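S.K.: With the input below, show me the fold.
(2 chains)
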Amino acid sequence: MAVSIGGSSEYNSDINVTPMVDVMLVLLIIFMIVTPLLQQGVSVNLPRDVISADQDSDIAKDTSVIIAIPDNSNFYIGKEQYPIDALGEVIKRRMEGKTPDKRIVYIKSGVDVDYGRVVQAIETIRKQDIDKIGLVADRKKGAEQPAS
Amino acid sequence: MGMSTGGGDGGAKPTINVTPLIDVLLVLLIIFMIVTPLKPSRFEAKVPAEPKDEQQVNVKPNPLTLVVAISKETKGITLNNEAFGDVTDTEKLANRLRDIFKERENNGVFREGTNEVEKTIFLKSPKSVRYGDVVKVIDAAKAVGASPIGLQIDDLTE
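M.R.: Now for the predicted structure:
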């Protein structure tokens, strides 16, 4: 260690980056872990680039009921697959105790699914006295909310 | 290889060059931050209640009803039985709906018992149509202000 003598001591002008890198790494790891967890349920090829769908943060909530129809043969709620006859019971159970304005069932259907399959799901939903359906779709990036 | 003891003042400093590392980390961080909060969105659609036999007696046909139908073979769109383009080109339908809604706004055509302009549309599609096409039509209708959107569920053709 050089002992500084007199006023000629050299100051180290480097930024100490180590703590910054630490923080970044931690943030990075947090995001990497959280991102896959955010996607619930099965993956569905949603209709993309629609213009006028309304944003609804309730879709991401755990309590909302989302029926996923990835292809023509299966219905999923969350990650569980259900036959069409069992759907009604599950919806009924999960809708219990919800206020009327929250009684909405979301449908995430793939673009190549026949409309008839979606209709089947809606029919089941309707039998539970629910008349509001949310058709989930991906908004086009930057599309403005239409003035209503 | 003798270990240098003492007098080693002038040796190279063993610092890692962290700048590229930070660059890469920042970029990754930004990518994840952008991807994470993608908010989901949805179309709200209404479904008519299940038909009950006694209901059918006293239903008055509403002259303001707009029914958008998709044909199975041609994928053509009709609005109250008039053809307006097809599912690949929803512009015609959108223009027509926009005109109708504008006219209704100017003339003050309200939904029965309210002071909202009647902008209800019903959508009827055969069961074999791709869901993606149906959503396209919903999107076009919603974009020009149609609301609520009703999906016909009963008596659909294959």
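S.K.: only C-alpha atoms for contact and neighbour calcs from this point on.
M.R.: Noted.
S.K.: Please see if stretch B:115-130 touches chain A.
M.R.: Yes - when contact is scored as CA under 8 Å from any CA of the partner chain, part of stretch B:115-130 falls within range of chain A: B:125-130.
S.K.: Identify, from these, the entry nearest to A:Ile59.
M.R.: Nearest to A:Ile59 among these: B:Arg130, at 23.2 Å, using CA to CA.
S.K.: sorry, back to before: out of the residues of stretch B:115-130 next to chain A, who's the most crowded?
M.R.: Neighbour counts for the residues of stretch B:115-130 next to chain A, by other CA atoms under 10 Å in any protein chain shown, peak at B:Ser125, which reaches 26 neighbours.
S.K.: got a list of what it touches?
M.R.: B:Ser125 makes contacts with A:115, B:69-72, B:134, B:152, B:156-157, as judged by CA atoms under 8 Å, 6 or more residues apart in numbering or on different chains.
S.K.: and those, which are buried?
M.R.: Among these, those classed as buried by neighbour count (16 or more other CA atoms under 10 Å in any protein chain shown) are A:115, B:69-72, B:134, B:152.
S.K.: ok, of these, which one's closest to B:Pro14?
M.R.: Within the buried ones among the contacts of B:Ser125, distances to B:Pro14 taken as CA to CA reach their minimum at B:Val134, with 64.3 Å.
S.K.: just checking, what packs against whichever strand or helix holds that closest one?
M.R.: In this structure, B:Val134 sits in helix B:131-143 according to DSSP states H and E. Secondary-structure packing of helix B:131-143 (3 or more CA pairs under 8 Å, 6 or more residues apart in numbering or on different chains; DSSP states H and E): helix A:115-127, helix B:91-107.
S.K.: Select the helix or strand of chain A having the lowest average pLDDT value.
M.R.: Using mean pLDDT, DSSP states H and E, helix A:18-38 stands out as the lowest-scoring helix or strand of chain A, at a mean of 79.
S.K.: ok, residues contacting it?
M.R.: Defining contact as CA under 8 Å, 6+ apart, one finds that helix A:18-38 is touched by B:22, B:25-26, B:28-29, B:32-33, B:35-36.
S.K.: Just want the most central residue of chain A.
M.R.: Using CA atoms, centre = their mean, the residue of chain A that lies closest to the mean C-alpha position is A:Ala60, 4.5 Å off.
S.K.: Any regions of the chain where pLDDT drops low?
M.R.: In the absence of a named chain, chain A is used. Across chain A, residues meeting the criterion (pLDDT under 70) sit at A:1-9, A:36, A:38-40, A:141-148.
S.K.: wrong one, chain B
M.R.: Applying pLDDT under 70 to chain B flags residues B:1-10, B:36-39, B:51-61.
S.K.: Please name the nearest non-neighbouring residue to residue 64.
M.R.: Picked chain A for this. On the basis of CA to CA, 6 or more residues apart in numbering or on different chains, the spatially nearest residue to A:Ser64 that is not a chain neighbour turns out to be A:Asp58, at 6.7 Å.
S.K.: if you could check chain B rather than the one you did, that'd help
M.R.: On the basis of CA to CA, 6+ apart, the spatially nearest residue to B:Leu64 that is not a chain neighbour turns out to be B:Glu118, at 7.5 Å.
S.K.: That neighbour against B:Arg111, yeah?
M.R.: Yes - using CA atoms under 8 Å, B:Glu118 is in contact with B:Arg111, at 4.6 Å.
S.K.: the more surrounded of those two?
M.R.: Set side by side, B:Glu118 and B:Arg111 show more neighbours around B:Glu118, with 21 against 13, by other CA under 10 Å.
S.K.: Pull the contacting residues for B:His98.
M.R.: Not quite, residue B:98 is Arg, not His. Contacts for B:Arg98 (CA under 8 Å, 6+ apart) come out as B:144-145.
S.K.: Could you check how far it is from chain A?
M.R.: Using CA to the nearest CA, to the nearest Å, one gets 13 Å for the distance from B:Arg98 to chain A.
S.K.: now do B:Lys72
M.R.: 11 Å.
S.K.: before we move on, what about B:Val35?
M.R.: Distance of B:Val35 to chain A, given as CA to the nearest CA: 8 Å.
S.K.: neighbours around that residue, how many?
M.R.: Close neighbours of B:Val35, defined as other CA under 10 Å, add up to 11.
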